[in-house]
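> what's the 3D shape of this:
(6 chains)
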Protein chains: 6
Amino acid sequence: MGDRFKEFTEFRHKMNERILAQDNKVIKRFFSIDTLTYQEGALNVKTKELLGLVASLVLRCDDCIAYHINKCKEAGVARDEMFEAMSVGLVVGGSIVIPHLRRAVAFLDEIETMETNGSSQELSEKN
Amino acid sequence: MGDRFKEFTEFRHKMNERILAQDNKVIKRFFSIDTLTYQEGALNVKTKELLGLVASLVLRCDDCIAYHINKCKEAGVARDEMFEAMSVGLVVGGSIVIPHLRRAVAFLDEIETMETNGSSQELSEKN
Amino acid sequence: MGDRFKEFTEFRHKMNERILAQDNKVIKRFFSIDTLTYQEGALNVKTKELLGLVASLVLRCDDCIAYHINKCKEAGVARDEMFEAMSVGLVVGGSIVIPHLRRAVAFLDEIETMETNGSSQELSEKN
Amino acid sequence: MGDRFKEFTEFRHKMNERILAQDNKVIKRFFSIDTLTYQEGALNVKTKELLGLVASLVLRCDDCIAYHINKCKEAGVARDEMFEAMSVGLVVGGSIVIPHLRRAVAFLDEIETMETNGSSQELSEKN
Amino acid sequence: MGDRFKEFTEFRHKMNERILAQDNKVIKRFFSIDTLTYQEGALNVKTKELLGLVASLVLRCDDCIAYHINKCKEAGVARDEMFEAMSVGLVVGGSIVIPHLRRAVAFLDEIETMETNGSSQELSEKN
Amino acid sequence: MGDRFKEFTEFRHKMNERILAQDNKVIKRFFSIDTLTYQEGALNVKTKELLGLVASLVLRCDDCIAYHINKCKEAGVARDEMFEAMSVGLVVGGSIVIPHLRRAVAFLDEIETMETNGSSQELSEKN
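Residues are numbered from 1 along each chain as shown, chains lettered A, B, ... in the order given. Below is the predicted model:
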């Protein structure tokens, strides 16, 4: 079972609960828009998750990148499609993106290993 | 004929020539990778231009946004698809993106007006 | 009547209408959260507008800075308080902020001149 | 005793000493301006620390966020005021801020637990 | 006489005066550190101005880029050295830097034309 | 033997291999341009590595900063020159840079300790 994936998911769940437990209407509504953003519409989920991935890559947020890589996998994005999307992020964002690209690929490798080992069901439930 | 579009395109062409006239190998190769980035591959051109648009929006570069909006139009992206892609950019990048979103939509309106007026051929040649 | 202020306000209104005319639920909800964000709550409006100003300054968005300077004036923020808030933005964000600080102060001067000339009513209506 | 808080504070002190041990006039003066920035003036310390917090949040620097959360607590900022300031940072900076918001709230929880356990004196001395 | 250069320089001088006229100690000290930063030290002025140029390029501030291009010229940086420094900025910062690179080269062309026309004395006095 | 240095170098090598193993032409060419960027040209290697360091500092990427600090050491940049370059980054980028400056100096201390202990050969081979 992937350690980085597990740690990341658990912290994410725990802190989302802590944040939403505070009665702040703006933050609550923002979280609900965030969910709405990636739902099927004029564009399909796969395209929208790729958009989320590239936006996260050029803004260089490792957690956001990992989150969207996982969502892309769930939406059926293939490895070479993921790399092609990341190549757009690399060219637009520059070499400063490279360390994040390394961690992105390490994370992708980790969840692909989990899939191979039959942990894929657990994977999709955890998110 | 759209003024902002014309001015933007002419300056872009003129300065690209000036930049490439300087014999700098790194810059020249970068420009050639940049072109390669948006070509058909594992992902189609439409998806890649949408990725370029959202990356430009969250990094808040008006010229890059205008460039990719135009390329998206050429690739057949519909207005509601463009807005949906931009909604991802808005949520990921926050309200700081809004002034760029305004200019993006003003530019989109301008090139759609040009199309309606039959300037579309000129439009695609200029780029 | 201040030209930059007038032009900025008119473009803002016109494009907000164009954006909201498109039936995109995510963008519409985002705009409504944005309004909610600066309303009186645990913190007063003055403090929240100062927060918006400093966030805009360090992220270097001239339109956002101008918008919050105007809102700060409406909320009764004094000139030296505004400068002190901007000094926080300058130190956190660095010398790259300076050109935006220049335009911020030029805008502040412009709306203070409008006030002195008795255009203040028009000013608050326009926003 | 909070581990993240302790580790963060000790590294901060040790490295500030190392940096100032180097005889670089620009860096030394910058550090002294940085201290001056948050002192009582036209705005009170509480407001200035909230400005520092929101600037740090939209620029997404975890250490800076943690530093200003701690300073806000010392200046008497209540939890709901802190959340309201952070809601401004979230809306201005977008969903890319969320992972930092999670770590911010985890840090806030940690120092509030320390307070409850009577470690508050130690806390203020360490900074 | 170059229009962009003239307009930029005059606005810069006028607004620096307005900013320093406000009695804000933090801002005043920041401006004085900013000047100190580029003075001869362990590194020579030429190298320091190139550092300022690349920092401005990757942070994408047109005014800062123009300022440092002019300072680089005054410090004797040759055109190919300037391009090589900018190539570092382009690769680190990515294609999002390209529109700023275009305006940088347009500005460089403008001040080189001024030099050729014998306006160089005026140029150095204006800064 | 420096732990952070070792971990950083090994992860870097391993993931570069994983990234280049994927047959993505854009990414491969980008990596090869990245190498080309810092080679001797109109500017010497020392100056170019300092440019890379300052660009990395203002964009706040710890891995990139560590990489260029190591390259600067190899190119013969003295400690006070490195600090002077970093002072430019601090002033341009603001106090948000300070946590990265702390980690930069901690890394510099680590590799200088390695040199003193005679691990310098191993150091240059590892990169």
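
> Tell me where the model's unsure across chain A.
A:1-2, A:119-127 (pLDDT under 70).

> Which residues of chain A lie near chain C?
Selection of chain A residues close to chain C by CB under 8 Å from any CB of the partner chain yields A:K25, A:V26, A:R29, A:F30, A:I33, A:L36, A:T37. Using the backbone N, CA and C atoms, a C-beta is placed for each residue, glycine as well.

> Out of these, which is nearest to chain D?
A:V26 (4.0 Å; CB to the nearest CB).

> Remind me which helix or strand the closest one belongs to.
helix A:25-37 (DSSP states H and E).

> Does the strand or helix carrying A:Y67 reach chain D?
Per DSSP H and E: A:Y67 is located in helix A:62-74. Yes - judged by CB under 8 Å from any CB, helix A:62-74 and chain D are in contact via A:D62, A:D63, A:C64.

> who wins for most neighbours among these?
Neighbour counts for those, by other CB atoms under 10 Å in any protein chain shown, peak at A:C64, which reaches 22 neighbours.

> What residues does it make contact with?
For A:C64, the contact set (CB atoms under 8 Å, 6 or more residues apart in numbering or on different chains) comprises A:G52, A:A55, A:S56, B:V92, D:S95, D:I96, D:I98, D:P99.

> near chain F at all, the helix or strand harbouring A:V54?
Using DSSP H and E, A:V54 falls within helix A:45-58. No - using CB under 8 Å from any CB, helix A:45-58 never reaches chain F; the gap is at least 11.6 Å.

> Tell me what angle that helix forms with helix A:25-37.
With axes from the mean of the first three to the mean of the last three CA atoms, to 10 degrees applied, the angle from helix A:45-58 to helix A:25-37 works out at 130 degrees.

> Get me the contact residues on chain A for chain E.
So chain A meets chain E at A:V58, A:L90, A:V91, A:V92, A:G93, A:G94, A:S95, A:I96, A:V97 (CB under 8 Å from any CB).

> what residues are up against the fourth one?
The reference is to A:V92. A:V54, A:V58, B:G52, B:A55, B:S56, B:L59, B:C64, E:G94, E:S95, E:I96.

> again with the third one
A:V91 sits next to B:I33, B:D34, B:T37, E:G94, E:S95, F:V26, F:F30 when contact means CB under 8 Å, 6+ apart.

> what about the residue nearest to the second one when sequence neighbours are not counted, neighbour count?
To tie it back to what came earlier, the one meant is B:D34. Among residues not flanking B:D34 along the chain, E:S95 sits closest, at 5.0 Å (CB to CB, 6 or more residues apart in numbering or on different chains). For E:S95, the neighbour count with other CB under 10 Å is 26.

> Can you tell me the closest non-neighbouring residue to A:N24?
D:F83 (4.7 Å).

> Likewise for A:L59?
Among residues not flanking A:L59 along the chain, D:I96 sits closest, at 4.9 Å (CB to CB, 6+ apart).

> The most far-flung residue of chain A relative to its centre: what secondary structure?
Ranked by distance from the centre of chain A (CA atoms, centre = their mean), the top residue is A:D23, with 26.5 Å. Following DSSP: H, G, I helix; E, B strand; the rest coil, we place A:D23 in the coil state.

> Could you report the distance from it to chain D?
The gap separating A:D23 from chain D is 8 Å, by CB to the nearest CB, to the nearest Å.

> Pull the contacting residues for that residue.
D:D80 are the contacts of A:D23 under CB under 8 Å, 6+ apart.

> my read: A:L108 touches A:H68, true?
No - at 10.9 Å, A:L108 does not count as touching A:H68 under the criterion of CB atoms under 8 Å.

> Looking at these two, which is more packed in?
A:H68 (28 against 22).

> Name the nearest residue to the more buried one, ignoring sequence neighbours.
Nearest in space to A:H68, with sequence neighbours left out and distances taken as CB to CB, 6+ apart, is A:L53 at 3.9 Å.

> Touching, A:I33 and C:F31? I think so.
No - contact between A:I33 and C:F31 fails when scored by CB under 8 Å: they sit 10.6 Å apart.

> the more surrounded of these two?
Each of A:I33 and C:F31 has its neighbours counted (other CB under 10 Å); A:I33 has more, 21 against 17.

> contacting residues around the closest residue to the more buried one other than its chain neighbours?
The shortest distance from A:I33 to any non-neighbouring residue, by CB to CB, 6+ apart, is to C:R29 (5.1 Å). By CB under 8 Å, 6+ apart, the contact set of C:R29 is A:R29, A:I33, A:L36.

> dump the residue contacts of the second one.
Neighbour list for A:I33: B:V91, C:V26, C:R29, C:F30, C:I33 [criterion: CB under 8 Å, 6+ apart].

> State the number of residues packed around A:N117.
That count, for A:N117 with other CB under 10 Å as the rule, works out to 10.

> just A:K6 next, same as before
14.

> Confirm for me that A:S95 is in contact with F:D34.
Yes - under the criterion of CB under 8 Å, A:S95 makes contact with F:D34 at 5.0 Å.

> Run the chain-centre distance for the strand or helix carrying A:E10.
Assigned by DSSP H and E, A:E10 falls within helix A:3-21. Chain-centre distance of helix A:3-21: 14 Å, with CA atoms, centre = their mean, to the nearest Å.

> same check, this time on stretch A:8-27
The answer for stretch A:8-27 is 17 Å, by CA atoms, centre = their mean.

> Report the buried residues of it.
A:F8, A:T9, A:R12, A:M15, A:I19, A:Q22, A:N24, A:V26, A:I27 (16 or more other CB atoms under 10 Å in any protein chain shown).
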